[in-house]
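1. fold the following.
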Amino acid sequence: MSGDSAVTAQIEFHIVPMEELPAGRACHLDEEDGRIVASIGRAHGTDALCEDLAYMHRVLMEQGRWEQTSPCSNPARLSQPCEGLELAHVSWERVTGETLPKGTLAAPVERDGVLVWLLHEDHASEQLCAEISAYARRIAGDGLWRQHWPSA
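-> Numbering: from 1, shown residues only. Below is the predicted model of the structure:
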């Protein structure tokens with residue numbers, strides 16, 4: 001897809017009451033042109049984690065590291081089944097606090113070609129990590145959003 005149709009990206013994270021999510025879900029992502037809003041159920045994440053994630057993603061977005069590859073013509077496209085294109089790989093993983101840099105609840109690392117977000121296990125549930133990783137297979141894997149990293 002040409003860069004002409006790409007939209008600069010924003011990602012927001014919010015804790016919401018569980019009753020605001022579909023039954024049995026830990027989170028729900030809504031997409032608009034250039035923006036994703038992640039609503040995370042209170043039983044699955046914390047406000048402090050959302051603050052850390054929002055800050056780190058804002059820095060990445062300001063650096064132009066992600067962009068939406070085409071306007072969002074279908075607001076439900078993130079909930080559609082993954083096409084399995086595997087154009088990029090992003091996942092969330094729970095780790096102990098000692099694994100993370102001091103004073104942070106989340107940190108992105110590259111592991112074998114995968115951008116892995118390490119999250120403090122006391123601030124993110126296994127279900128949340130699994131659901132966000134599934135969304136990432138659709139968003140990054142199917143090329144709905146594209147990564148831009150400096151050349152080595």
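2. hmm, who's touching stretch 98-111?
-> 46, 48-49, 52-53, 56, 60, 115-120, 123 (C-beta atoms under 8 Å, 6 or more residues apart in numbering). Quick note: C-beta positions are derived from backbone N, CA and C, even for glycine.
3. could those residues be laid out in CSV, adding neighbour count, secondary structure and pLDDT?
-> As requested, the contacts of stretch 98-111 are exported to CSV (neighbours: other C-beta atoms under 10 Å; DSSP: H, G, I helix; E, B strand; the rest coil; pLDDT from 0 to 100):
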residue, neighbour count, secondary structure, pLDDT
Thr46, 16, coil, 98
Ala48, 15, helix, 98
Leu49, 22, helix, 98
Asp52, 21, helix, 97
Leu53, 25, helix, 97
Met56, 17, helix, 91
Leu60, 18, helix, 81
Leu115, 18, strand, 89
Val116, 18, strand, 95
Trp117, 21, strand, 96
Leu118, 23, strand, 98
Leu119, 25, strand, 98
His120, 21, strand, 98
His123, 20, coil, 98
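4. export the residues you listed to JSON lines and tack on distance to Asp142?
-> Output for the contacts of stretch 98-111, formatted as JSON lines (distance: C-beta to C-beta, whole Å):
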{"residue": "Thr46", "distance to Asp142": "29"}
{"residue": "Ala48", "distance to Asp142": "31"}
{"residue": "Leu49", "distance to Asp142": "26"}
{"residue": "Asp52", "distance to Asp142": "27"}
{"residue": "Leu53", "distance to Asp142": "22"}
{"residue": "Met56", "distance to Asp142": "23"}
{"residue": "Leu60", "distance to Asp142": "20"}
{"residue": "Leu115", "distance to Asp142": "15"}
{"residue": "Val116", "distance to Asp142": "19"}
{"residue": "Trp117", "distance to Asp142": "19"}
{"residue": "Leu118", "distance to Asp142": "24"}
{"residue": "Leu119", "distance to Asp142": "23"}
{"residue": "His120", "distance to Asp142": "29"}
{"residue": "His123", "distance to Asp142": "28"}
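5. between those, which is closest to Leu87?
-> Closest approach between those and Leu87, by C-beta to C-beta: Leu115, at 12.5 Å.
6. alright, I will stop here.
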